[in-house]
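>>> no FASTA, just this:
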C-alpha cells in the first residue's frame with residue numbers, strides 16, 4: 001500500500017510463496033504462488049481472494065504482468081513455459097521454441113509480452129495468441145533476469161551474472177551497455193521519472209542509475225542484497241533489501 005500505514009492480508013494457501021505481482025485494469029491485485037502452483041487474485045474492494053491452479057504441476061510461477069488486452073501473462077520457471085490467465089481465471093500455457101528458465105516478463109509498446117530466458121541467454125516476445133519469437137543476447141552465460149519497458153520505447157533487461165544492462169528494440173536489435181566495476185549481480189530494473197534506468201546491484205549492495213548513453217551515475221550504497229526496484233506514485237524509487245528485512 002502506498003502510504004505510511006501498512007496492512008497484511010494472508011493468502012488462503014499457506015506457505016504458497018507469493019512472488020510476482022501485477023494490478024489489473026479494475027484494480028484487482030494478481031500474484032504468483034511459486035510453491036502453491038497457483039495464480040492468485042485479490043480484490044481490495046471486497047477483501048476477497050480467488051486462486052487458480054496452474055495445469056502443469058510444479059511450474060514455479062515467477063513474475064506476472066498485465067497485457068494491453070487485459071489478460072495477464074506469467075513465467076513458469078521450472079517447466080520452461082509461459083502462461084496466460086484471463087480476468088475470469090482461464091489459463092493457457094505455451095512452450096517457448098528455445099531457451100529455458102523464463103523469469104521476468106513485461107508488456108512492450110508493440111502489443112507483445114517480452115520475457116527473459118535465464119538459461120540460454122535469450123529474450124522472448126509473445127504474441128497475444130501465444131506465438132513466440134526468440135532473440136539471442138550477444139554475450140553468453142549472463143543470466144538475463146528482470147525486464148522492463150524503457151521511456152524510449154525499447155525493453156531493458158538485467159544480466160544477473162554479467163557486467164551489462166541490455167536493451168532490445170521491438171524489432172529485436174540488442175545492445176549491451178557495460179556497467180563499470182567488479183561483478184555485482186545486476187538484478188532489478190526500473191525506468192525512473194528522470195529518463196534514466198535505475199537498477200540494483202545485488203552482490204555489492206548498491207542501487208545505481210544509467211542514462212540512455214550508458215553512463216552510470218550515481219552509484220549509491222544500500223543494505224544487504226537489494227533486489228527489486230519500482231517507481232512509486234510519489235516520484236521516488238522504492239527497492240527491497242532481501243537480506244536486511246527492509
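That came through fine. Since we're looking at a predicted model, the values are computed, not measured.
>>> give me the outermost residue of this structure relative to its centroid.
residue 46 (27.3 Å; Cα atoms, centre = their mean).
>>> so what touches stretch 86-102?
Stretch 86-102 has contacts (Cβ atoms under 8 Å, 6 or more residues apart in numbering) with 24, 26, 28, 39, 41, 50, 52, 54-56, 59, 62, 70-72, 75-78, 80-85, 115-122, 124, 126, 130, 132, 134. The C-beta positions use only the backbone N, C-alpha and C, and glycine is treated the same way.
>>> ok so, going back, where does the residue farthest from the centre of the chain sit: helix, strand or coil?
coil (DSSP: H, G, I helix; E, B strand; the rest coil).
>>> which among the contacts of stretch 86-102 end up buried?
28, 39, 41, 52, 54, 56, 59, 62, 71-72, 75-78, 80-85, 115-118, 120-122, 124, 126, 132 (16 or more other Cβ atoms under 10 Å).
>>> point out where the chain drops to low pLDDT.
1-7 (pLDDT under 70).
>>> what strand or helix carries the most centrally placed residue in it?
In the chain, the centroid-proximal residue (Cα atoms, centre = their mean) is residue 104; its distance is 3.6 Å. Per DSSP states H and E, residue 104 falls inside strand 100-107.
>>> mind listing the strands that strand pairs with, and their directions?
strand 113-119 (antiparallel) (DSSP bridges).
>>> the partner strand: what's the following helix or strand?
strand 122-126.
>>> tell me the helices and strands packed up against that following strand.
strand 113-119, strand 132-136, strand 144-149 (3 or more Cβ pairs under 8 Å, 6 or more residues apart in numbering; DSSP states H and E).
>>> given the shortest one, what are its sheet partners and their directions?
Listed by DSSP bridges, the sheet partners of strand 132-136 and their directions read strand 122-126 (antiparallel).
>>> one step back: just checking, the residue nearest to the centre of the chain touches residue 143?
No - contact criterion Cβ atoms under 8 Å: residue 104 and residue 143 do not qualify, at 11.0 Å.
>>> helix, strand or coil for residue 70?
Quick answer, by three-state DSSP: residue 70 is coil.
>>> ok, now the one 3 residues further on?
Remark: residue 73 carries the secondary structure label strand [criterion: three-state DSSP].
>>> likewise residue 78?
Secondary structure of residue 78, per three-state DSSP, is helix.
>>> pretty sure it contacts residue 58?
Yes - using Cβ under 8 Å, residue 78 and residue 58 qualify as a contacting pair, with a distance of 5.9 Å.
>>> what do the two both touch?
With Cβ under 8 Å, 6+ apart, residue 78 and residue 58 have no common neighbours.
>>> one step back: in a markdown table: the helices and strands packed on strand 122-126, plus distance to residue 243.
What follows is the helices and strands packed on strand 122-126, written out as a markdown table (distance: least, Cβ to Cβ, whole Å):
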| stretch | distance to residue 243 |
| --- | --- |
| strand 113-119 | 21 |
| strand 132-136 | 33 |
| strand 144-149 | 17 |
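>>> and those strands: which comes nearest residue 174?
strand 132-136 (6.3 Å; Cβ to Cβ).
>>> now the residue nearest to residue 175 when sequence neighbours are not counted: how far from residue 130?
Nearest residue to residue 175, sequence neighbours excluded (Cβ to Cβ, 6 or more residues apart in numbering): residue 167, at 5.0 Å. Note on residue 167: its distance to residue 130, by Cβ to Cβ, to the nearest Å, is 25 Å.
>>> residue contacts, residue 162?
139, 141-143, 176, 186.
>>> residue 118 now?
Contacts of residue 118 (Cβ under 8 Å, 6+ apart): 77, 100-103, 143-145, 160.
>>> which of those are buried?
77, 101-103, 143-145, 160.
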